[in-house]
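Q: Starting from these lines, generate the structure:
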Amino acid sequence: MKNQISSLINHLQHIGIPVTNVVASEAFYTQLGFEKVMQSPFQEDGQTGTCVMMKNKSIIIELYQLPAHKLQEIRNRKDGHIDHITFDVDDIDVAFAALKNASYQVIESAPIFLPFWQNGCKYFNILGPDGERLEFNQIL
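A: The predicted structure is shown next:
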């Protein structure tokens, strides 16, 4: 089973970082040589947040600003916070079935569509042994 699952992962797709000011964070990463390659709104608890993907060579960082009612959670952190690590997969449904059948702790009941990138993407998360979120994502 281990070889079957490891063969589903192509490469590290992106690292997700929650931010309190997406404009300031975008400017910071731009100064480091990253460029914005995607921006999209998303819904969280019925309110709108913003996601920006920044890219430098093969590194993609997802900066996302939660809706205003959630920002205090981020501001209360003492240190910076990486929210999740994402693996790129060719077929989200095959990856979902393989991980669920292998008894990994899958968070979502099915892959979720987001209106990111040109044609959207689908993702799901599993939990690691210390509660870390590992996302599996297919850009459509």
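Q: residues touching the residue nearest to residue 114 when sequence neighbours are not counted, list them.
A: Leaving aside its sequence neighbours, residue 114 sits nearest to residue 121 (CB to CB, 6 or more residues apart in numbering; 5.5 Å). (Each C-beta comes from the backbone N, C-alpha and C, glycine too.) Listed by CB atoms under 8 Å, 6 or more residues apart in numbering, the contact set of residue 121 reads 113, 114, 137, 138, 139, 140.
Q: Would you mind checking these for buried ones?
A: For the contacts of residue 121, a burial check counting by 16 or more other CB atoms under 10 Å picks out 137, 138, 139.
Q: List just the nearest of the residues you listed to residue 14.
A: residue 137 (7.7 Å; CB to CB).
Q: middle-most residue in this structure, spatially?
A: With distances taken as CA atoms, centre = their mean, the chain has residue 16 as the residue nearest its mean C-alpha position (4.9 Å).
Q: is it true that that residue touches residue 65?
A: No. Residue 16 lies out of contact with residue 65 (CB atoms under 8 Å); the separation is 11.8 Å.
Q: before we move on, the earlier item: next one: phi and psi at the residue nearest to the centre of the chain?
A: Residue 16 adopts backbone torsions of phi -100, psi 130, taken as degrees, to the nearest 10.
Q: Residue 132 versus that one, what's the distance?
A: 12 Å (CB to CB, to the nearest Å).
Q: Now do the shared contacts for those two.
A: Shared contacts of residue 16 and residue 132, counting by CB under 8 Å, 6+ apart, come down to 84, 85.
Q: what about this structure, any weak spots by pLDDT?
A: The model of the chain has pLDDT under 70 over residues 1-2, 78-80, 129-130.
Q: That one: helices as residue ranges?
A: Here the chain has its helices, by DSSP state H, at 2-6, 22-31, 71-75, 92-101.
Q: Can you give me the distance of residue 74 to residue 97?
A: Taken as CB to CB, the span from residue 74 to residue 97 is 34 Å.
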